[in-house]
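Asks: Fold the following for me, if possible:
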Amino acid sequence: QVQLVESGGGLVQAGGSLRLSCAASGRTFSSYAMGWFRQSPGKEREFVAAIRADGASISIANSVKGRFTISRDNAKNLVNLQMNSLKPEDTAVYYCAARKTWVVGNLAQRGRYDYWGQGTQVTVSS
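Replies: Residues are numbered from 1 along each chain as shown. The predicted structure follows:
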């Protein structure tokens with residue numbers, strides 16, 4: 001069992017930055033791949049980024065590539081999402097998620113993730 005709690009969301013102007021964190025409970029955090037998804041009103045939850053359990057492999061959605069960075073600290077049971085050059089279309093609730101497997105072909109499939117946090121709101125004003 002893994003419990004996930006996101007933090008770091010808020011209101012920021014376009015062009016600004018935010019750093020989201022996801023704190024995980026449990027001693028097996030380092031065995032899970034971690035992902036970030038986001039969902040805005042009226043839209044499906046979409047993949048943002050994922051990082052392998054050992055941190056050696058990363059996947060970033062094209063929509064945020066070059067602006068967002070994912071990282072993890074297995075000693076602290078944390079996964080972070082650094083978001084730079086934010087745009088109004090980045091406004092959404094951001095969720096972190098955990099999964100036991102790393103399959104490049106289905107990292108964006110939310111059904112492949114076993115545990116989810118409650119989400120943190122990010123609002124980017126124009």
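Asks: Distance across stretch 69-85, terminal residue to terminal residue?
Replies: 12 Å (C-alpha to C-alpha, to the nearest Å).
Asks: who's in contact with that stretch?
Replies: 15, 17-26, 29-30, 34, 36, 48-51, 55, 58, 60, 64, 67-68, 90, 94, 96, 122 (C-beta atoms under 8 Å, 6 or more residues apart in numbering). In short, each C-beta sits where N, CA and C put it, glycine included.
Asks: Is there a quick ChimeraX command that grabs whichever of those residues are buried?
Replies: Selection command for ChimeraX covering only the buried members of these, criterion 16 or more other C-beta atoms under 10 Å:
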select :18,20,21,22,23,24,29,34,36,48,49,50,51,55,60,64,68,90,94,96,122
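Asks: Relative to residue 109, how far out is residue 103?
Replies: 9 Å (C-beta to C-beta, to the nearest Å).
Asks: What count of nearby residues applies to the closest residue in space to residue 28 that isn't next to it in sequence?
Replies: Distance criterion C-beta to C-beta, 6 or more residues apart in numbering; nearest residue to residue 28, sequence neighbours excluded, is residue 2 at 7.1 Å. Residue 2: 20 surrounding residues under other C-beta atoms under 10 Å.
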